[in-house]
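> sequence unavailable; structure follows:
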């Protein structure tokens, strides 16, 4: 498991002019775990999103943030993105 507090992890997608932003909000104590040493874990996640972007023709941007009190609502990925992730 990547984080120590999985119950505090939320994600949402935010449409923008160039595609979708995927925001992952984690507990403050878990930010360093998600980002990783020298940003390696975040870089790996961005590489995966780039591959999905190429396959789905939809630009994806990763945003990692501290989970505010209550956190944002969990929103599922759009259908074609979720399908691309589950197939590969």
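Arrived safely, thanks for sending. Only a predicted model underlies this, so the values are computations on that prediction, with no experimental measurement involved.

> OK, contacts around residue 46?
residue 62 (CB atoms under 8 Å, 6 or more residues apart in numbering). No exception for glycine: its C-beta is placed from N, CA and C like everyone else's.

> give the next helix or strand downstream of the strand or helix carrying it.
Applying DSSP states H and E as the criterion places residue 46 in helix 40-56. Per DSSP H and E, the first helix or strand lying C-terminal to helix 40-56 is strand 59-66.

> what strands line up against that next one, and which way round?
strand 19-26 (parallel) (DSSP bridges).

> list the contacts of the strand it pairs with.
Here strand 19-26 makes contact (CB under 8 Å, 6+ apart) with 3, 5, 8-15, 33-34, 49, 53, 58-68, 71-72, 77-78, 81.

> pLDDT weak spots in this structure?
Across the chain, the ranges flagged by pLDDT under 70 are 1, 69-88.

> swap in 80 and give it another go.
Low-confidence segments of the chain (pLDDT under 80): 1, 68-88.

> done for today, thanks.
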